[in-house]
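Chemist: Predicted model and sequence below, questions to follow.
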Amino acid sequence: MRPGPSDESGTFVGSGTFGIDPRRALEVLRAKGLEAADAAPLLWVRVAVLQGATRVRLERRPGGFAARFDGEPLPRACLSRPFDPLLGEAPASEAERQFAQALLHLSHPGVETAVASRGGSDTLVEAAWPRRAPKRAGHPAGWDLRVEVSRLDPTPIPVTLAADGAESVVRPWARRHGAEGWSGTVDGLRCGVRVLKDFAAEPNAQLALHGVGVAAVPLEGFPLSADGWAESPELSLNASLSKAVVDAAHGLATAALGKAVGLALAAGLARHARRMGLAAAALRRDRSLLRAWRSAAAESPFKTGPGRRDRLAGGFFRRPSGDAGLVADTAAWNTAWRHAFLNRSWHPEAAAVRAALREAPLVLDKDLRPRPLSQALGGTANVFADDSYFLQQARAPRRLSP
């Protein structure tokens with residue numbers, strides 16, 4: 001005897017094909033997809049990256065919006081049946097899916113949209129808002145080009161933002177941060193991290209999809225603040241198209257970002273050791289530079305001295321260059337690394353940096369030569385008088401944070 005249907009299962013009543021109303025489906029997708037004010041323009045950056053563009057321009061016009069980028073022309077299917085990838089009507093590439101999402105955000109009732117994409121010329125997307133559409137700051141809800149630069153950190157191409165007659169260009173990560181920015185591949189994901197000597201700054205790390213940040217994650221437990229990003233093509237998005245869903249891909253990208261920060265800290269500490277040698281040599285050549293060293297090192301949690309406003313009012317090192325700039329910058333970084341040593345909240349991925357800090361040249365001896373911190377703490381280095389208070393703080397017993 002066959003068991004009857006239970007409350008947890010359905011009853012088979014027949015077979016056939018199932019369909020959806022494409023127009024209604026698009027209405028639902030649109031209603032769920034226009035929540036983030038800065039998501040819509042950035043979707044075109046993703047399309048440009050996937051098409052191999054070398055540049056992209058996003059422009060907010062008085063009555064509309066335009067996106068222009070070079071690279072490969074869009075597939076013919078994008079122009080003939082653009083929303084099929086969102087409706088599951090046919091197999092589609094990632095570029096076609098991203099194009100469909102970006103175009104969906106332009107498909108307000110009454111918006112006139114034109115897309116031109118052919119070989120030998122740029123792809124141009126133009127939209128004209130309806131005259132009576134509700135607008136805020138000159139554009140409909142869901143469109144705003146005042147984009148946080150951090151959202152574009154992982155973009156491998158320059159992005160020009162044009163609005164209200166003004167233009168700004170967001171350059172790729174490496175060109176913006178140079179030696180202070182670390183980038184590489186961690187667990188198969190492209191990552192970039194910039195360590196900040198301003199240890200009080202709020203960290204801003206992004207998980208990214210096709211060159212655009214989609215979710216901010218905290219960087220807690222590191223001895224210095226850092227900005228960073230991890231690019232994962234496996235990230236899934238929620239209905240707003242601007243937030244990463246917390247799933248396995250999200251966890252893997254976050255873990256890779258933590259490892260990237262640890263690697264960036266190690267690289268930054270090695271760079272600081274080299275910089276300390278150069279700055280100390282400059283101090284020995286010209287002891288008048290001690291003024292720059294003391295002034296830059298004064299702003300710290302363990303040293304008193306003239307504040308930034310006082311130094312600017314006095315005209316001291318407004319824009320130091322040459323040896324003075326090297327000395328002042330190294331002193332500021334030295335203060336940051338000392339703060340890191342006093343910081344007892346550590347992420348597991350920064351354990352190697354914690355050990356390296358004890359052997360890092362964070363103090364000067366009386367001959368103005370850099371000395372490892374371990375020697376100073378052990379009493380084997382005849383330290384410079386300015387470092388005595390820091391060493392007192394470093395020797396004080398401190399309870400480690402869990």
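Modeler: In hand now; what should we look at? Residues are numbered from 1 along each chain as shown.

Chemist: what about the helices in the stretch 251-400 of the chain?
Modeler: 290-297, 308-313, 322-342, 351-358, 373-377, 388-395 (DSSP state H, counting those that start in this stretch).

Chemist: Quick one: list the elements packing against the third one.
Modeler: Same thing as helix 322-342. Contacts defined by 3 or more CB pairs under 8 Å, 6 or more residues apart in numbering; DSSP states H and E place helix 322-342 against helix 248-285, helix 290-297, helix 351-358, strand 361-364, helix 388-395. C-beta: built from backbone N, CA, C; applies to glycine.

Chemist: Buried by neighbour count: which residues of that helix qualify?
Modeler: Using 16 or more other CB atoms under 10 Å as the test for burial, helix 322-342 gives 323-324, 326-342.

Chemist: and if you look at the fifth one?
Modeler: Buried positions in helix 373-377, judged by neighbour count with 16+ other CB under 10 Å: Leu373, Gln375, Ala376, Leu377.

Chemist: got the contact list for stretch 358-373?
Modeler: Contact with stretch 358-373 is made by 269, 272-273, 276-277, 280, 283-284, 287, 334, 337-338, 341, 357, 374, 376-377, 381-387, 390-391, 394, as judged by CB atoms under 8 Å, 6 or more residues apart in numbering.

Chemist: so where's the stretch 1-150 of the chain shaky on pLDDT?
Modeler: Applying pLDDT under 70 to the stretch 1-150 of the chain flags residues 1-38, 89, 108-109, 132-143.

Chemist: Looking at the helices of the stretch 251-400 of the chain, which is nearest to Ala244?
Modeler: helix 351-358 (27.2 Å; CB to CB).

Chemist: which residue ranges form the strands in the stretch 101-250 of the chain?
Modeler: 112-116, 123-128, 159-163, 166-170, 181-186, 189-195, 204-209, 212-217, 226-231 (DSSP state E, counting those that start in this stretch).

Chemist: is it possible to export the ones you listed to JSON lines including mean neighbour count?
Modeler: Shown next, in JSON lines, are the strands of the stretch 101-250 of the chain (neighbours: other CB atoms under 10 Å):
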{"stretch": "strand 112-116", "mean neighbour count": "14"}
{"stretch": "strand 123-128", "mean neighbour count": "19"}
{"stretch": "strand 159-163", "mean neighbour count": "20"}
{"stretch": "strand 166-170", "mean neighbour count": "12"}
{"stretch": "strand 181-186", "mean neighbour count": "18"}
{"stretch": "strand 189-195", "mean neighbour count": "25"}
{"stretch": "strand 204-209", "mean neighbour count": "25"}
{"stretch": "strand 212-217", "mean neighbour count": "23"}
{"stretch": "strand 226-231", "mean neighbour count": "26"}
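
Chemist: Of these, which is nearest Ala53?
Modeler: strand 123-128 (8.1 Å).

Chemist: Can you spell out which helices and strands pack onto the closest one?
Modeler: strand 64-69, strand 112-116.

Chemist: Now with 10 Å, please.
Modeler: Contacts defined by 3 or more CB pairs under 10 Å, 6 or more residues apart in numbering; DSSP states H and E place strand 123-128 against helix 39-50, strand 56-61, strand 64-69, helix 94-104, strand 112-116.

Chemist: Of all the ones you listed, which one is nearest Asp164?
Modeler: strand 56-61 (7.5 Å).

Chemist: strand partners of that closest one, parallel vs antiparallel please.
Modeler: With DSSP bridges as the test, strand 56-61 is paired with strand 64-69 (antiparallel), strand 159-163 (parallel).

Chemist: what pLDDT, on average, does stretch 173-188 get?
Modeler: Rounded to a whole number, the mean pLDDT of stretch 173-188 is 87.

Chemist: contacting residues around Ala255?
Modeler: Ala255 makes contacts with Val186, Asp187, Leu189, Ala230, Glu349, as judged by CB atoms under 10 Å, 6 or more residues apart in numbering.

Chemist: what about it, distance to Pro348?
Modeler: Going from Ala255 to Pro348 by CB to CB, to the nearest Å gives 10 Å.

Chemist: go on, Ala92?
Modeler: 40 Å.

Chemist: Neighbour count for these two, which is higher?
Modeler: Ala92 (20 against 9; other CB atoms under 10 Å).

Chemist: Any chance of JSON lines for the strands paired with strand 56-61, columns distance to Arg55?
Modeler: Converted to JSON lines, these look like this (distance: least, CB to CB, whole Å):
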{"stretch": "strand 64-69", "distance to Arg55": "7"}
{"stretch": "strand 159-163", "distance to Arg55": "7"}
